[in-house]
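> Sequence and predicted structure are below.
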Amino acid sequence: MRLSEREQLSALIVARIERAKADIAALEESAQPIAPDNAIGRLSRMDGIVSQGVSKTALVTARQTLAALRAALARSADSDFGVCTECEQPIPVERLLLMPESSRCVACAGKQG
Ligand SMILES: [Zn+2]
């Protein structure tokens, strides 16, 4: 990987981390338990419970993404950054630009499902 690509990727990771933090803050807000007094009617309470469940799932995903991004940022200075942890082949820069948190190539990531 060229130095310019490495710099571009670490800047991208920093930006993604900021976005993930903002996403998590927003999701934490909407995943708050709904107080029974807040329910205007039975239907709106049901809607609230459904969207709360969706937010919780999204929150788990967002936290995993943030952890993976932080790990990627820590790795970005290493010589093996951008190298697949499974097959040790270089991960295409195009993939890293799309998913800078990925530590495996498409083929290896696909194997685990
Ligand atoms: Zn691989």
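Alright, I've got the coordinates. Everything numeric in this text was worked out from a predicted model, so none of it was measured. Residues are numbered from 1 along each chain as shown.
> drop to CA atoms for contacts and neighbour counts, all remaining ones
Will do.
> What score does residue 50 have for pLDDT?
Per-residue pLDDT puts residue 50 at 74.
> So for stretch 90-106, what gets flagged as buried?
91, 93, 96, 97, 99, 100, 101, 102, 103, 104, 105 (16 or more other Cα atoms under 10 Å).
> If you could redo that for stretch 15-26, that was the one I meant.
Result for stretch 15-26 [16+ other Cα under 10 Å]: buried residues 16, 17, 20, 23, 24.
> is it fair to say the first one lies in a helix?
When you say that, I think you mean residue 16. Yes: Residue 16: assigned to a helix according to DSSP: H, G, I helix; E, B strand; the rest coil.
> Make 4 the starting number, not 1.
Okay, using 4 as the starting number, the last item reads as residue 19.
> So what's the residue count around residue 75?
22 (other Cα atoms under 10 Å).
> Assign a three-state SS to it, would you?
Residue 75 is classified as helix under three-state DSSP.
> nearest residue to it other than its sequence neighbours?
Among residues not flanking residue 75 along the chain, residue 104 sits closest, at 5.4 Å (Cα to Cα, 6 or more residues apart in numbering).
> list the contacts for the most centrally placed residue in the chain?
For the chain, the residue nearest the mean C-alpha position is residue 68 (2.1 Å; Cα atoms, centre = their mean). Applying Cα atoms under 8 Å, 6 or more residues apart in numbering to residue 68 gives the contacts 23, 104.
> in the worst-scoring helix or strand of the chain on mean pLDDT, what counts as buried?
Using mean pLDDT, DSSP states H and E, the weakest-scoring helix or strand in the chain turns out to be helix 45-78, at a mean of 85. Buried residues in helix 45-78, counted by 16+ other Cα under 10 Å: 48, 51, 55, 58-59, 61-62, 65, 68-69, 71-73, 75-76, 78.
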